[in-house]
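*Asks:* dropping a prediction and its sequence here:
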Amino acid sequence: MVKSRVLVVGGTGYLGRRIVRTSIAEGHPTFVLRRPEICMDIEKVQMLLSFKEQGATLVEGSFGDHQSLVDAVKKVDVVISAISGVHVRSHHILLQLQLVDAIKEAGNMKRFLPSEFGTDPARMGHALAPGRETFDDKLVVRKAIEESNIPFTYISANCFMGYFVGGLCQPGKILPSTESVCMLGDGNVKAAYVDENDIAMYIIKTIDDHRTLNKTIYIRPPENILSQREVVMAWEQLIGKELKKTSISEQDFLSIIKELEYPQQAGYGHFYHIFYEGCLNNFEIDKGEEASELYPEVVYTRVNNLVMCNS
């Protein structure tokens, strides 16, 4: 089977760089959008050059130049957007509406994967502000995609391991302590964790798969559905020591959120929904919509493996 040509937008970002490398490794003709602002960042320029050395094609394009986006899109079959969604107040996600317009005009797209990759926004209408703004913006993009009849796949990848497991599921921490840990509530609410390189692999697997067309695909590997307490226990077993535990109640956590600066409120709000409400694991996934089930050949990273790497 001829593999689709892939354009990655946001290819120098945290997840984007992994998508680019995986696309190349899986044999897809891979294109990376080179935006003008990247030329001011030497590390990103060097990354783009490394992609080129690995076989990717760099394509000039800008969100401020519609025709450049159309020209870039016409070169490929699949567009994967990995632009950052963390800029809450700037509504960065809505830049993708310009991609939607370009894809619609180009008229050749087999699949568009917008920048989602976290919690399914369709399930987060109740989310706390300001974090809800990101979910709302993603739904605006979804609406534009579907109204334009653009073939799509939405990816819900749940918790990035690098951000959550390393810090034992504590907001603001990415490395585990050998002394203490703060439990969110009773620490028994289940979440789902996925290694970032595995996310990239599952993304690339979906793009030529008819089973994922016009669907939301959840990456929720069964062995990585764990509570915070279970993540902490894995770390304790590794270091041979029990951590001193404190806990913070749901009400106290909500009170803390109100006192934080605007950007932190969004991040802490996501932690609230994940570790107090259980928003990642409180619903059933329809058969054929979970990535590790669709692609059993992918040997995904287990939480225990990552914990060992952090020792």
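*Replies:* Yep, it's here.
*Asks:* quick one, helices of the stretch 1-150 of the chain?
*Replies:* Remark: helices assigned in the stretch 1-150 of the chain by DSSP state H, counting those that start in this stretch are 16-25, 42-54, 66-73, 96-106, 132-147.
*Asks:* which of the ones you listed sits closest to residue 285?
*Replies:* helix 132-147 (18.2 Å; CB to CB). C-beta coordinates here come from the backbone N, C-alpha and C atoms, glycine included.
*Asks:* just put the helices of the stretch 1-150 of the chain in JSON lines and tack on distance to residue 263.
*Replies:* Below are the helices of the stretch 1-150 of the chain laid out as JSON lines (distance: least, CB to CB, whole Å):
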{"stretch": "helix 16-25", "distance to residue 263": "21"}
{"stretch": "helix 42-54", "distance to residue 263": "22"}
{"stretch": "helix 66-73", "distance to residue 263": "28"}
{"stretch": "helix 96-106", "distance to residue 263": "21"}
{"stretch": "helix 132-147", "distance to residue 263": "11"}
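*Asks:* just those helices: most buried one?
*Replies:* helix 16-25 (a mean of 23; mean count of other CB atoms under 10 Å).
*Asks:* pLDDT of that helix, averaged?
*Replies:* Mean pLDDT, computed over helix 16-25, is 98.
*Asks:* and what of stretch 234-245?
*Replies:* If you average the pLDDT over stretch 234-245, you get 95.
*Asks:* what of stretch 172-191?
*Replies:* In this model, stretch 172-191 has a mean pLDDT of 96.
*Asks:* what's it in contact with?
*Replies:* 158-159, 162-164, 166-170, 225-229, 232, 235, 239, 241, 243-250, 253, 271, 274-278, 280-281, 307, 310 (CB atoms under 8 Å, 6 or more residues apart in numbering).
*Asks:* among these, name the buried ones.
*Replies:* Among these, those classed as buried by neighbour count (16 or more other CB atoms under 10 Å) are 158-159, 162-164, 166-170, 225-229, 232, 235, 243, 253, 271, 274-276, 278, 280-281, 307, 310.
*Asks:* these in helices, which ones?
*Replies:* 162, 163, 164, 228, 229, 232, 235, 253, 271, 307 (DSSP state H).
*Asks:* how many neighbours does the spatially closest residue to the first one that is not a sequence neighbour have?
*Replies:* Closest residue to residue 162 in three dimensions, ignoring its sequence neighbours and counting by CB to CB, 6 or more residues apart in numbering: residue 196, at 5.7 Å. Neighbours of residue 196 under the rule other CB atoms under 10 Å: 19.
*Asks:* cool, and residue 14?
*Replies:* Neighbour number of residue 14 under other CB under 10 Å is 14.
*Asks:* what's residue 15 in contact with, if anything?
*Replies:* Contacts of residue 15 were listed using CB under 8 Å, 6+ apart, and they are 82, 117, 160, 196, 199, 200.
*Asks:* and the furthest pair within these?
*Replies:* Pairwise over the contacts of residue 15, using CB to CB, the maximum falls at 82 and 160, 12.6 Å.
*Asks:* higher neighbour count, the two?
*Replies:* Taking other CB under 10 Å, residue 82 and residue 160 do not tie; residue 82 has more neighbours (25 against 18).
*Asks:* and that one, how far from residue 301?
*Replies:* Residue 82 sits 20 Å away from residue 301, going by CB to CB, to the nearest Å.
*Asks:* and for stretch 31-48, what's in contact with it?
*Replies:* Residues outside stretch 31-48 that contact it (CB under 8 Å, 6+ apart): 5-12, 17, 20, 51, 56-63, 72, 75-76.
*Asks:* in ChimeraX, select just the buried ones from the residues you listed.
*Replies:* Per 16+ other CB under 10 Å, the buried members of the contacts of stretch 31-48 correspond to this ChimeraX selection:
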select :5,6,7,8,9,10,11,12,17,20,51,56,59,61,62,63,72,76
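*Asks:* show me the contacts of stretch 31-48 that map onto strands.
*Replies:* Among the contacts of stretch 31-48, the ones falling in strands (DSSP state E) are 6, 7, 8, 9, 57, 58, 59, 60.
*Asks:* max pairwise distance over those: which two?
*Replies:* The span of the ones in strands among the contacts of stretch 31-48, defined through CB to CB, is set by 6 and 60 at 17.0 Å.
*Asks:* per-residue pLDDT, residue 48?
*Replies:* 95.
*Asks:* quick check: it vs residue 60, distance?
*Replies:* Distance from residue 48 to residue 60, by CB to CB: 11 Å.
*Asks:* ok, now residue 157?
*Replies:* Look at residue 157 and residue 60: by CB to CB, they are 29 Å apart.
*Asks:* now do residue 42
*Replies:* Applying CB to CB to residue 42 and residue 60 gives a distance of 18 Å.
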